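*Asks:* I'll drop the sequence and a predicted model, then ask my questions.
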Amino acid sequence: MALKRVALEIGMGTDIRGGDYTKAAVRALRDALWHNSLTVAGAVGKSSDDMQVEVLIGVPKPDQVDKQQVLAVLPHGTGTVSVVEGGLDNCQRSRHRQDGDRPGGRHRPARSLREVTNARQTRHPRARHRQ
Amino acid sequence: MPARRVILELGTGNDLHGGDYTKAALRAVQDALHHSSLTMLRTLGLNSKTGMFVDVTIGVQQPDKVDLEKVRTSLPHGIVTVKAVKGGLDVPDPEGNDIAVIASAAVSVRLELP
């Protein structure tokens, strides 16, 4: 049976002072995931761990996102992460310095689109589940 | 065939000035709805007019002050039912008379699946 997309979840995350794109991406994914409880897998007679989850992150510097940390957020199913240029940098360096912050401390929202595809026939071994 | 729950969507909404519980509830519902898109309706070829049931629960401190009909008509798809229960949060303003109210919304979607 072919995979079918059943839901799209959207979230936003920031790292206000540290300029850490991975942290912002992880928060964006959490925001996307934990606004919803997806029970469609059980409703069509599948397990949550039969889901294939495609995560799309948008940040200004995609190469600075640690995909493994983003993937580790997913509680169910098998995940893939791709990172594209997007999100937003809010540069206010001079004010941050006056406040005694780290230079270059920036407000970095990351947008996350999570596409969930269901109906994979084979159940993945428990060792591959991500908690 | 019984409709089965496919998703529970959660949101919060405020009315910072005026203490309008309906306004806060409407915002909570919008917050709940717009964090996800139920693409399964299209991919599974379902009819949202007959086979989609949307059950909304609003939590505010004064549930009888929520205009349930206004909340019901704000949902774009499905056969909608709305109830309000005691919940949410009232944030008093000790100096003035300008209470801030917070509403919680839970939107449960059930579908008649093939």
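*Replies:* Now that the structure is in, tell me what you want to look at.
*Asks:* Please make it C-alpha for all contacts and neighbour counts, starting now.
*Replies:* Noted.
*Asks:* Name the residues of chain A found near chain B, please.
*Replies:* Residues of chain A found near chain B (Cα under 8 Å from any Cα of the partner chain) are A:4-11, A:32, A:35-41, A:43-44.
*Asks:* List buried residues within the residues you listed.
*Replies:* Among the residues of chain A next to chain B, those classed as buried by 16 or more other Cα atoms under 10 Å in any protein chain shown are A:4-11, A:32, A:35-36, A:38-41, A:43.
*Asks:* In helices, which of these fall?
*Replies:* Per DSSP state H, helices hold the following members of those: A:32, A:40-41, A:43.
*Asks:* Helix or strand: which one has residue B:110?
*Replies:* Per DSSP states H and E, residue B:110 falls inside strand B:100-111.
*Asks:* ah, wrong one, I meant residue A:29
*Replies:* Applying DSSP H and E, one finds residue A:29 within helix A:21-33.
*Asks:* Kindly report the same for residue A:15.
*Replies:* Residue A:15 belongs to no helix or strand when assigned by DSSP H and E.
*Asks:* Now do the contacts for the residue most central in space within chain A.
*Replies:* Centroid check for chain A by Cα atoms, centre = their mean gives residue A:29 as the closest residue, at 3.0 Å. Contacts here follow Cα atoms under 8 Å, 6 or more residues apart in numbering or on different chains; on that basis residue A:29 touches A:10-13, A:55, A:70, A:73, A:112-114.
*Asks:* Output stretch B:21-34 as CSV, nothing but the C-alphas.
*Replies:* Below are the C-alpha coordinates for stretch B:21-34, written out as CSV (Å, rounded to 0.1, in the frame of the first residue of the first chain):
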residue,chain,number,x,y,z
TYR,B,21,-14.4,35.3,27.0
THR,B,22,-15.9,34.8,23.5
LYS,B,23,-13.0,36.7,21.9
ALA,B,24,-10.5,34.7,23.9
ALA,B,25,-12.2,31.5,22.9
LEU,B,26,-12.3,32.4,19.2
ARG,B,27,-8.6,33.1,19.3
ALA,B,28,-7.9,29.8,21.2
VAL,B,29,-9.8,27.9,18.5
GLN,B,30,-7.8,29.7,15.7
ASP,B,31,-4.6,28.9,17.5
ALA,B,32,-5.6,25.2,17.8
LEU,B,33,-6.6,25.0,14.1
HIS,B,34,-3.7,26.7,12.4
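*Asks:* So for it, mean pLDDT?
*Replies:* Throughout stretch B:21-34, pLDDT has a mean value of 97.
*Asks:* same thing with stretch A:62-72?
*Replies:* Stretch A:62-72 shows a mean pLDDT of 97.
*Asks:* Counting neighbours, which bits of it end up buried?
*Replies:* A:62, A:65-67, A:70-71.
*Asks:* Next, check those residues against the strands and list the overlap.
*Replies:* The strands, defined by DSSP state E, take in nothing from the buried residues of stretch A:62-72.
*Asks:* If anything else comes up later, I'll come back, but that's it for now.
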